[in-house]
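Trainee: Sequence plus the predicted model coming up.
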Amino acid sequence: MSVNLHPLARTTPRTRAEIKRETPSLSHQALARRYGVTAPTVRTWRERDSTADRSHRPHTLHGTLTPAQEMVAMEIRRTLWLPLGDLLVVVREFFSIQPCCGPVWTVVYAATGYRICVT
């Protein structure tokens, strides 16, 4: 089985499991010296339930549109036939928020079902 590790990762799932199996009487500092990592790293892997890496992706998307804002944005697009780039400018001005192109594109794609060229 292939394991995808971060290129700078100092521990592998096997090393993390060994750290978790060590007796609690050993200090974080002692284990850190043994495995060539820092004490906070040892603490992290001792406290976690799993030895797998967690996702580094954000758990929430900042700058997304509410359902009401989505409806208004789609109505603006249907009425004015704006390309995505222009729609993004209007949405930013109208709602006084700074969404990136992604949430606006997602709303338009979900409503129309086809790809849109950005101007």
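Mentor: Perfect, thanks for sending it. Numbers count the residues shown, from 1 in each chain.
Trainee: what residues does stretch 15-33 touch?
Mentor: Where contact means CB atoms under 8 Å, 6 or more residues apart in numbering, the residues beyond stretch 15-33 that reach it are 11, 35, 38, 39, 40, 41, 42, 43, 45, 46, 48, 51. Bear in mind the C-beta positions are built from the backbone N, C-alpha and C, glycine included.
Trainee: Pull the distance from that stretch to the chain's centre.
Mentor: 30 Å (CA atoms, centre = their mean, to the nearest Å).
Trainee: Nearest to residue 67, out of the contacts of stretch 15-33: which one, please.
Mentor: Nearest to residue 67 among the contacts of stretch 15-33, counting by CB to CB, is residue 48 at 35.9 Å.
Trainee: Residue ranges in this protein under the pLDDT threshold?
Mentor: Residue ranges of the chain with pLDDT under 70: 1-3, 58-63, 98-103, 105, 109-119.
Trainee: Just say helix, strand or coil for the residue nearest the centre of the chain.
Mentor: Central residue of the chain (CA atoms, centre = their mean): residue 57, 1.9 Å from the mean position. Of the three states, residue 57 takes coil under DSSP: H, G, I helix; E, B strand; the rest coil.
Trainee: how close does it sit to residue 25?
Mentor: Applying CB to CB, to the nearest Å, the value for residue 57 to residue 25 is 37 Å.
Trainee: on that earlier part again, with secondary structure and distance to residue 66 as added columns, please give the contacts of stretch 15-33 in CSV.
Mentor: Listed next are the contacts of stretch 15-33 as CSV, based on DSSP: H, G, I helix; E, B strand; the rest coil; distance: CB to CB, whole Å:
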residue, secondary structure, distance to residue 66
11, coil, 41
35, helix, 47
38, coil, 42
39, helix, 44
40, helix, 39
41, helix, 40
42, helix, 43
43, helix, 40
45, helix, 39
46, helix, 41
48, coil, 35
51, coil, 39
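Trainee: What is the burial count for residue 87?
Mentor: The tally of other residues near residue 87 (other CB atoms under 10 Å) stands at 24.
Trainee: correct me, but it touches residue 73?
Mentor: Yes - at 6.6 Å, residue 87 counts as touching residue 73 under the criterion of CB atoms under 8 Å.
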